[in-house]
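A.B. asks: whatever this is, show me its structure:
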Amino acid sequence: MTSRSASLAAASGPETAPASAPQGPSPAAGTTPKPDRPLLDTCRMFARNCPAMTGLVLLATIVLATLFGPGLYGVDPFSMVDMPFAPPGPDCLLGTDYLGRDILAGVIVGGRATLAVGASAAAITVLIGVVIGTFAGYFGGWVDAVLMKVTEFFQILPTLLFAMVLVTIFSSSLVTIAIAIGAVSWTATARLTRAEFIRIRDLEYVKAARTAGARDFYLMFRVILPAALPPIIVAAALAVGISILFEAGLSFLGLGDPNTMSWGMIIGQNRDYLLNAWWTVTFPGIAIFLTVLSISLIGDGVNDALNPRLRRR
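C.D. replies: Sure thing, here's the model as predicted:
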């Protein structure tokens with residue numbers, strides 16, 4: 001009896017062991033490795049792009065200089081501190097303009113208005129373009145035809161002349177200038193958004209959401225628009241640089257706010273004295289050039305970072 005019981009226990013041991021000691025799922029067999037986070041991959045890709053990081057550091061330096069520079073330098077850009085057309089020297093590091101005003105103070109303070117108008121105008125440009133492109137690309141048909149006719153009408157207008165007319169009719173305040181620039185610069189963003197919506201609206205996951213009962217506005221702004229954001233973000237970054245150049249052009253033509261210092265106004269007021277006092281135009285022009293260059297480098301870096309093929313590579 002003893003040997004028979006031992007043999008029965010040995011035979012039944014492997015079968016009863018799992019009941020007394022439950023085993024968890026095998027990590028190798030039951031799970032799959034988690035995919036990398038897209039946002040983290042994008043940030044890593046951007047951080048490895050030397051030109052993009054250079055542009056980011058340069059833009060951050062310019063923004064910090066315009067924000068905290070007036071408190072550190074402490075010179076009123078509208079006050080006459082020296083003789084007119086004083087060359088760069090120890091008293092005035094960047095010289096003075098035709099009225100004896102400090103160019104360095106004007107560049108530091110004028111960056112606030114220029115950057116503010118550029119960012120605001122770019123936001124208006126993207127907002128109008130995204131809304132029109134979203135409705136045109138999603139609904140198609142007569143909605144697309146009407147909105148694209150409106151887009152083509154604004155596209156064939158001379159943008160600078162149209163902005164000059166708007167600023168002349170209403171006022172030359174910074175708000176009016178930003179609205180005028182945004183009102184004439186949205187057509188490229190609208191066409192880009194429309195093209196992305198036409199590409200995405202017939203994909204399988206959009207059809208599945210529509211079949212599940214999702215409404216049009218949910219599909220447009222919660223399903224399709226997030227997938228179409230990468231090229232729109234790049235376009236928004238480039239729109240800031242274009243708006244800065246636009247504002248500088250209007251101020252150069254004397255249509256800026258005369259009570260607010262800006263880079264374009266410095267250039268416009270001293271353009272007749274370029275040959276005799278090169279510094280009055282050169283230094284604000286360099287500020288505009290470096291700002292637009294930094295934004296362009298950042299836009300290219302964002303474009304590369306949002307490219308899924310480059311991320312996989």
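A.B. asks: next structured bit after the helix or strand hosting Leu160?
C.D. replies: Assigned by DSSP states H and E, Leu160 belongs to helix 159-169. On the C-terminal side of helix 159-169, the closest following helix or strand by DSSP H and E is helix 174-184.
A.B. asks: ok so, going back, which positions in the helix holding Leu160 come out as buried?
C.D. replies: Thr159, Ala163, Met164, Leu166, Val167 (16 or more other CB atoms under 10 Å). For the C-beta atoms, the positions are set from N, CA and C on the backbone; glycine is no exception.
A.B. asks: and stretch 83-103, by the same measure?
C.D. replies: Phe85, Ala86, Cys92, Leu94, Gly95, Thr96, Asp97, Arg101, Asp102, Ile103.
A.B. asks: identify the residues contacting the third one.
C.D. replies: Counting by CB atoms under 8 Å, 6 or more residues apart in numbering, Cys92 touches Val81, Asp82, Ala86, Asp102, Ile103, Leu104.
A.B. asks: how about the first one?
C.D. replies: The contact partners of Phe85, taken as CB under 8 Å, 6+ apart, are Gly95, Thr96, Asp97, Tyr98, Tyr273, Asn276, Ala277, Thr280.
A.B. asks: of all those residues, which comes closest to Ile198?
C.D. replies: Among those, Thr280 lies closest to Ile198 (CB to CB), at 49.7 Å.
A.B. asks: which residues in the stretch 1-150 of the chain form helices?
C.D. replies: Across the stretch 1-150 of the chain, reading from the start of the chain, the helices by DSSP state H, counting those that start in this stretch fall at 2-20, 27-30, 38-47, 50-73, 103-139, 141-156.
A.B. asks: pick the most deeply packed of the ones you listed.
C.D. replies: Each of those was assessed for mean neighbour count using mean count of other CB atoms under 10 Å. The highest is helix 103-139, with a mean of 23.
A.B. asks: and the angle from that helix to helix 50-73?
C.D. replies: Angle, helix 103-139 to helix 50-73, by axes from the mean of the first three to the mean of the last three CA atoms, to 10 degrees: 130 degrees.
A.B. asks: and helix 103-139, what does it pack onto?
C.D. replies: Helices and strands touching helix 103-139, by 3 or more CB pairs under 8 Å, 6 or more residues apart in numbering; DSSP states H and E, are helix 50-73, helix 141-156, helix 174-184, helix 187-200, helix 225-252, helix 263-270, helix 279-305.
A.B. asks: export those to CSV and tack on distance to Arg210?
C.D. replies: Supplementary listing: the helices and strands packed on helix 103-139 in CSV, determined by distance: least, CB to CB, whole Å:
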stretch, distance to Arg210
helix 50-73, 37
helix 141-156, 16
helix 174-184, 33
helix 187-200, 12
helix 225-252, 15
helix 263-270, 48
helix 279-305, 30
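A.B. asks: Thr42: which of these is closest?
C.D. replies: Closest of those to Thr42 is helix 279-305, at 4.6 Å (criterion: CB to CB).
A.B. asks: now do that closest one: which elements does it pack against?
C.D. replies: Taking 3+ CB pairs under 8 Å, 6+ apart as the contact definition, the neighbouring helices and strands of helix 279-305 are helix 38-47, helix 50-73, helix 103-139, helix 225-252, helix 263-270.
A.B. asks: tell me the buried residues in the shortest one?
C.D. replies: By 16+ other CB under 10 Å, the buried positions in helix 263-270 come out as Trp263, Gly264, Met265, Ile266, Ile267, Gly268, Gln269, Asn270.
A.B. asks: low pLDDT regions in the chain?
C.D. replies: Per-residue confidence of the chain (counting by pLDDT under 70) places the weak regions at 1-36, 38, 308-313.
A.B. asks: wait, what's in contact with the spatially most central residue of it?
C.D. replies: By CA atoms, centre = their mean, the chain has its centre lying nearest to Ala237, at 2.8 Å. With contact taken as CB under 8 Å, 6+ apart, Ala237 is in contact with Ile295, Ile298, Gly299, Val302.
A.B. asks: measure the third one to Leu94 for me?
C.D. replies: Which is Gly299. The gap separating Gly299 from Leu94 is 29 Å, by CB to CB, to the nearest Å.
A.B. asks: for the first one, same thing?
C.D. replies: Counting by CB to CB, the gap between Ile295 and Leu94 amounts to 23 Å.
A.B. asks: re the thing from before, now the buried residues of stretch 83-103 in JSON lines, with distance to Gly256?
C.D. replies: Listed next are the buried residues of stretch 83-103 as JSON lines, based on distance: CB to CB, whole Å:
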{"residue": "Phe85", "distance to Gly256": "22"}
{"residue": "Ala86", "distance to Gly256": "24"}
{"residue": "Cys92", "distance to Gly256": "23"}
{"residue": "Leu94", "distance to Gly256": "20"}
{"residue": "Gly95", "distance to Gly256": "22"}
{"residue": "Thr96", "distance to Gly256": "20"}
{"residue": "Asp97", "distance to Gly256": "15"}
{"residue": "Arg101", "distance to Gly256": "16"}
{"residue": "Asp102", "distance to Gly256": "19"}
{"residue": "Ile103", "distance to Gly256": "17"}
